[in-house]
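**Student:** I would like the atomic coordinates for the input below:
(one chain, ligands or ions: 1)
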Amino acid sequence: MASPKKKLQGLVAATITPMTEHGEINFSVIGQYVDYLVEEQGVKNIFVNGTTGEGLSLSVSERRQVAEEWVAKGRNKLDQVVIHVGALSLKDSQELARHAAEIGADGIAVIAPFFLKPRNKDILINFLKEVATAAPALPFYYYHIPALTGVKIRAEELLDGIQDKIPTFQGLKFSDTDLLDFGQCVDQNRQQQFAFLFGVDEQLLSALVMGATGAVGSTYNYMGKKTNQMLEAFERKDFSSALNHQFCIQRFINFVLKLDLDNCFCWTPDYVLHL
Ligand SMILES: CC(=O)N[C@@H]([C@@H](O)[C@H](O)[C@H](O)CO)[C@@H](O)CC(=O)C(=O)O
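**Tutor:** Purely as a prediction, here's the structure:
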């Protein structure tokens, strides 16, 4: 079984993929980006090529290069670099999983295929297993984001017996607001050492109460420091302060939502600069 250096916990920034004005990846800023996360935001884990990183809009070649650059620039600075390798093509996904292992990533994550969707848990597990098998030494995370994939198979159902099928399964990245499903994932797997990573930044405090062990999100790129204050308050059982931090984060996110930005889905620091 894959054994990570240590369990993935705390904040994980879902990184933006920096682009030039000509639509090419701007590799030159990734080193500075790592330093910014670590030094200014106190965030030492990253999730690359996910939703925020627009991994599914990049070519396989671009995804490989982006992953390589983050791993290289994060070496000896970041704790863990998880690469999202989900794709509609199983072969692409397997190639990206193998590549993540070769370059020394700390884990891989996969979303459900979202065009010809798996009709049930077994079909989805089989797909995930085929990808996980391509990187047998890497911790594997399932990335549950039903609002975007349209795959509504409950995470709780998926996790039932998952390590029998996917021995490298290490945790769940849960990007959904269904706290019943999330809570039951935690409750029914207390004997396991899974990472339960919540992905709705504006509701993280509720998920901490349910047993989240960490969080993956876009806003930790620039509100990592603030969110870390909330995690610290929660840890010392100062729930009033934790709630104040969460409300502050919510006010920001609510403000951005009200901007009604046409076709803008990513939560980039540009928004912050406009505040
Ligand atoms: C749909 C979406 O982009 N969700 C974000 C959240 O961090 C989200 O931006 C935040 O909660 C604000 O709504 C993350 O769950 C996505 C994520 O972790 C990723 O980029 O892979």
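
**Student:** rest of the way, CA atoms for contacts and neighbours
**Tutor:** OK.

**Student:** how about the residue sitting nearest the centre point of the chain: what's its closest non-neighbour residue?
**Tutor:** The chain has V216 as the residue nearest its centroid, 4.3 Å off, counting by C-alpha atoms, centre = their mean. Excluding the flanking residues, the one nearest V216 by C-alpha to C-alpha, 6 or more residues apart in numbering is V12, at 4.6 Å.

**Student:** where's that neighbour, which helix or strand?
**Tutor:** strand 10-14 (DSSP states H and E).

**Student:** give the buried residues for stretch 204-214.
**Tutor:** L204, L205, A207, L208, M210, G211, A212, T213, G214 (16 or more other C-alpha atoms under 10 Å).

**Student:** my read: the residue nearest to V216 touches Y220, true?
**Tutor:** Yes: judged on C-alpha atoms under 8 Å, V12 makes contact with Y220 at a distance of 7.1 Å.

**Student:** and the nearest residue to H144 once chain neighbours are set aside, how many residues sit next to it?
**Tutor:** The shortest distance from H144 to any non-neighbouring residue, by C-alpha to C-alpha, 6+ apart, is to F174 (5.0 Å). Neighbourhood size, F174 [other C-alpha atoms under 10 Å]: 27.

**Student:** list the contacts for F174?
**Tutor:** Y143, H144, I145, F182, F196, L197, F198, G199, V200 (C-alpha atoms under 8 Å, 6 or more residues apart in numbering).

**Student:** among the residues you listed, which are in reach of the ligand?
**Tutor:** G199, V200 (C-alpha under 6 Å from any ligand atom).

**Student:** which two in the contacts of F174 are spaced the farthest apart?
**Tutor:** I145 and F196 (13.8 Å; C-alpha to C-alpha).

**Student:** contacts only, for the closest residue to the ligand within the stretch 101-250 of the chain.
**Tutor:** Closest residue of the stretch 101-250 of the chain to the ligand, C-alpha to the nearest ligand atom: G217 (3.3 Å). With contact set as C-alpha under 8 Å, 6+ apart, G217 has these partners: L11, V12, A13, A14, G199, V200, D201.

**Student:** at 6 Å what do you get?
**Tutor:** By C-alpha atoms under 6 Å, 6 or more residues apart in numbering, the contact set of G217 is A13, A14, G199.

**Student:** and of those residues, the nearest to G224?
**Tutor:** Closest to G224, out of all of those and judged by C-alpha to C-alpha, is A13, at 7.9 Å.

**Student:** now for that closest one, how many residues are close by?
**Tutor:** Residues near A13, counting by other C-alpha under 10 Å: 26.

**Student:** same question, Y142
**Tutor:** Applying other C-alpha under 10 Å, I find that Y142 has 23 neighbouring residues.

**Student:** now it: how far from E202?
**Tutor:** 21 Å (C-alpha to C-alpha, to the nearest Å).

**Student:** quick one on the thing from earlier: okay, and the beta partners of the residue nearest to H144?
**Tutor:** As for beta bridges, F174 partners with H144, F198 under DSSP bridges.

**Student:** kindly state the pLDDT recorded for it?
**Tutor:** pLDDT, F174: 98.

**Student:** show me what from the protein comes close to the ligand.
**Tutor:** Residues of the chain lying near the ligand (C-alpha under 6 Å from any ligand atom): 14, 50-53, 175, 199-202, 216-219, 267.

**Student:** again, only this time at 5 Å
**Tutor:** Applying C-alpha under 5 Å from any ligand atom, we find that the chain lies next to the ligand at A14, G50, T51, T52, S175, G199, V200, D201, V216, G217, S218.

**Student:** from memory the second one sits against H84, does it?
**Tutor:** Yes: using C-alpha atoms under 6 Å, G50 is in contact with H84, at 5.4 Å.
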